[in-house]
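Peer 1: Test case, fold it:
(one chain, ligands or ions: 1)
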Amino acid sequence: LRRNREKVNGDVARLPGPIQSLANWIWGHELIVNQLQAMEMYASWTDIFGPVFKITGAMLHPDIVVLSDNTAVAHVFSRPYTYVKSPAFRPPVSNLMGEGLVWAEGETHMRQRKYMASAFTQEAVKGMASDISECAEKLVGKMTNQILSSSSKDGLKINVVDYTSSCTLDIIGRVGFGHDFKSQTTFAGKETDDEIIRRDWKGHVQMGTTFLAFVAPILFRTFPFIAKLPIAQMQTQGIIKVTVQKLAKRLMDREKATAEFLEKRGGKDKGNILSILLRASKEYIGEGGLTEKDILDNISTLALVGHETTAGCINFTLLELARNPAMQRRLREEITNEGNNLSYDDIQKLPYLDAVIKEGLRVWPASPQTERIVLQDDVIPLSRPIKGADGKMIESIAVKEGQVFHIPMMVMNTNPNVWGPDGRAFNPDRWLTSGGVPKPSELPHGWSGLATFCDGPRNCIGWRLAVFEYKVIIAHLVRSIEFSSVPGTIVHRKISPTLQPVTDGEGGLLPVQIKLV
Ligand code: HEM
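Peer 2: So this is what the prediction gives:
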């Protein structure tokens, strides 16, 4: 490990960084980063050291570079097959969600991505609009019924997380593979598929707040062979993956029969993601197309990464609106004035809704940070020179093969040096005010100048769907339900495994008060 530490160095030794007394002797600076709220430490260190600094890694790991300089991050994101995700995490990702886009690297990623992209075009998302609206209406219906059946005049206290994630799961079930999880409906008796999925996810969220969740990835990184040991816990297939793939396989056989049926008559299929992927399968287009395993693994990947992320942004946005009644009233007025039926195009026309959603994605990105490791020596350009620890200026950073980077998207989105002194505050008006948003040259290349969906060939493939369903769900909820905060509640934010509220030590708990408008 020591030899390794000396090997991976380059210009990194010259970078500024926090003092050693903040580093734990086993866990380096990674411990304090984990102990505070998500991205709190990186935000403070970025204020002090600027957009490129190094921290001491855990277990004698070579120093990690924390990168939020736009030019440097664009360089990394535009070379996804040189700057890869840590190979140590591929076995657990494979077990958890399958060998789909999140897991794939190199040629495999390129091939899968090429065909998956057709399922997420603007046209494809427009085709999902009615499914999305129906699921949002059901969510409102569920909340309404609960309010009506409660006796309290001040409204009903709920954990909003349980409601939003069941809605986004319903959406991904319907638009992903034509399956209605019916998560908004309560059935007595046997545990339903959506209950199994949500119980398993809750387990992951609660587990993510423990010390073991901090240690486990460090052990995988330091001793990658651990992930391959024949230990039952290491090799268990994720419950969500198994449940979704079982459903998807059944539906795939049915879709195949329908697709063949339609093909013979020159007709069109239903157009959910599964049927679009079937059109890109080996069986249809021959060599180079998607295999049945590719399709199933991507469906389970989408079910996992496609529902909790959007739900997370919605939860924190509802918290902001609950804390800010004037903002909430203004949004409700805009939505109500648009009329009862909100079509795909109507939703796009609402400027304040657009500003609220952009602000939600800026301040509360569901995936606040990512990690990359470089496979060969490289030189990373910078937007502007930085001052090294030795006082000399650094124009670009020479890095050696194996160097690890942390890219804190949440810090990039809110940095007061870029976004102004109120950069960390939730203020939708900045998107509607001339000069409220920094010039594009000061921002990352991603959607709306935000780093939320990353950038380049490995950016979030589902961003159009995410933005649209986020708008539809917020619009439906705010139109009918009034949200207010629960006095005395202190909500922390943790990465667990997506950005989660933690209240009274419980992960995935966000109490809010609801009543009918
Ligand atoms: C607000 C909601 C969402 C946010 C903030 C978000 C964010 C992200 C980010 C940051 C990445 C890159 C991760 C990395 O490289 O480390 C990513 C990748 C990905 N996202 Fe999303 N996502 C959201 C919603 C969705 C939805 C709705 C879907 C699909 C239904 C989706 C599917 C994916 C997939 C498949 C990847 C891997 C892409 C690849 O590597 O080629 N995401 N997402």
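Peer 1: Every contact and neighbour count from this point should use C-alpha atoms.
Peer 2: Noted.
Peer 1: Pull the contacting residues for Lys249.
Peer 2: By Cα atoms under 8 Å, 6 or more residues apart in numbering, the contact set of Lys249 is Leu296.
Peer 1: where's it, which helix or strand?
Peer 2: helix 239-264 (DSSP states H and E).
Peer 1: Check the offset of the very next helix or strand once past that helix from the chain's centre.
Peer 2: The helix or strand immediately downstream of helix 239-264 is helix 273-279, counting by DSSP H and E. Centre-to-centre, helix 273-279 and its host chain are 23 Å apart (Cα atoms, centre = their mean, to the nearest Å).
Peer 1: So the closest residue to the ligand within the stretch 101-250 of the chain, which state does it fall into?
Peer 2: Closest to the ligand within the stretch 101-250 of the chain is Val102: 4.3 Å, counting by Cα to the nearest ligand atom. Classification of Val102 by DSSP: H, G, I helix; E, B strand; the rest coil places it in coil.
Peer 1: give me the number of residues near the nearest residue to Ser133 once chain neighbours are set aside?
Peer 2: Closest residue to Ser133 in three dimensions, ignoring its sequence neighbours and counting by Cα to Cα, 6 or more residues apart in numbering: Val472, at 6.5 Å. Close neighbours of Val472, defined as other Cα atoms under 10 Å, add up to 23.
Peer 1: list the contacts for Val472?
Peer 2: Contacts for Val472 (Cα under 8 Å, 6+ apart) come out as Ile132, Ser133, Ala136, Ile347.
Peer 1: and those residues, which two are the farthest apart?
Peer 2: Farthest-apart pair in the contacts of Val472 is Ala136 and Ile347; separation 13.4 Å (Cα to Cα).
Peer 1: of the two, who's got more company?
Peer 2: For Ala136 and Ile347, the more surrounded residue by other Cα under 10 Å is Ala136, and the numbers stand at 26 against 18.
Peer 1: The more buried one is in what secondary structure piece?
Peer 2: Using DSSP H and E, Ala136 falls within helix 129-149.
Peer 1: Repeat that for Lys54.
Peer 2: Lys54 belongs to strand 52-55, assigned by DSSP H and E.
Peer 1: Show me what the helix holding Ala136 is in contact with.
Peer 2: By Cα under 8 Å, 6+ apart, helix 129-149 touches 155-156, 163-164, 167, 170-171, 174-175, 184-185, 343-344, 469, 472-473, 476-477, 480-481, 514-516.
Peer 1: Spell out the secondary structure type for the nearest residue to Gly98 once chain neighbours are set aside.
Peer 2: Using Cα to Cα, 6+ apart and skipping residues adjacent in sequence, the residue nearest Gly98 is Asp297, 4.6 Å away. At Asp297 the chain is in helix, as set by three-state DSSP.
Peer 1: if we can go back for a sec, so, in contact with the ligand or not, the helix holding Ala136?
Peer 2: No. Applying Cα under 6 Å from any ligand atom, one finds helix 129-149 separated from the ligand by no less than 11.6 Å.
Peer 1: buried sites along that helix?
Peer 2: 129, 131-140, 143-144, 146-147 (16 or more other Cα atoms under 10 Å).
Peer 1: and the residue nearest to Gly449 when sequence neighbours are not counted, what does it touch?
Peer 2: By the measure of Cα to Cα, 6+ apart, the closest residue to Gly449 outside its immediate chain neighbours is Leu443, 5.2 Å from it. By Cα under 8 Å, 6+ apart, Leu443 lies in contact with Asn70, Val418, Gly449, Leu450.
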